[in-house]
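Colleague: Starting from these lines, generate the structure:
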Amino acid sequence: MISSQKIGSILSRSVLVLNTNYSPMDICTARRAICLFYNEKVDILESYSEAVHSPSTTLSLPSIVKLKDFVKHHQMEVVLSRKNLMIRDKHQCQYCHTKKGTLTMDHVLPKNRGGLDSWENLVAACQVCNRKKGNQTPEEAKMPLNRFPKKPNKINYFQQFIHEKQLAWRPYLFMESF
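Modeller: Here you go, the predicted structure:
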């Protein structure tokens with residue numbers, strides 16, 4: 001018998017969503033992809049090795065789905081959010097390189113000195129480094145950045161989700177030929 005915790009983690013697995021022209025659009029959970037499939041909104045192109053079961057049916061867990069109707073989608077920007085910033089910075093303090101403890105968002109140019117909430121001015125920082133830096137720039141605090149912050153593009157953002165189980169995604173994200 002599969003535990004409800006195991007089912008929950010399987011249904012949280014990432015699924016690549018492609019437009020009808022096979023261009024990458026989004027990443028959703030397997031739960032969402034299954035709902036889209038049963039509502040006849042997507043076709044399943046690739047599946048994981050696991051399957052999900054109900055009393056009346058079994059479905060291979062989707063890995064890549066393609067929309068049935070074209071969606072005009074020119075938005076290739078990654079939304080600035082705490083979650084997406086941490087993904088960009090690989091859940092690592094950009095000052096001391098630690099991955100331990102709770103990370104915060106730090107303004108490279110402090111807000112009270114005109115710093116904006118932007119991809120180019122925000123970095124992940126551990127609480128110790130964030131307090132140490134205070135209202136200074138990295139240069140003033142003598143705390144050089146690990147990597148200069150920049151706005152990610154959607155393809156690079158999607159590529160970060162590829163692990164051993166998502167190798168089928170690679171051709172759709174321009175990482176190898178079909």
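
Colleague: Which residues are in contact with the closest residue in space to residue 59 that isn't next to it in sequence?
Modeller: For residue 59, the nearest residue in space outside its immediate sequence neighbours is residue 52; the separation is 5.5 Å by CB to CB, 6 or more residues apart in numbering. Every C-beta, even on glycine, is put in place using the N, C-alpha and C of the backbone. Contact analysis of residue 52 by CB atoms under 8 Å, 6 or more residues apart in numbering lists 7, 10, 11, 30, 34, 58, 59, 61.

Colleague: Over to residue 146?
Modeller: Residue 146 makes contact with 92, 93, 94, 95, 97 under the criterion CB under 8 Å, 6+ apart.

Colleague: Over to residue 120?
Modeller: Contact analysis of residue 120 by CB under 8 Å, 6+ apart lists 108, 149, 150, 151.

Colleague: On the three-state scheme, the last one is what?
Modeller: In terms of secondary structure, residue 151 is coil; the call rests on DSSP: H, G, I helix; E, B strand; the rest coil.

Colleague: now it, nearest residue through space, not along the chain?
Modeller: By the measure of CB to CB, 6+ apart, the closest residue to residue 151 outside its immediate chain neighbours is residue 119, 3.7 Å from it.

Colleague: likewise the second one?
Modeller: When the adjacent residues along the chain are set aside, residue 149 lies closest to residue 123, with 5.1 Å between them (CB to CB, 6+ apart).
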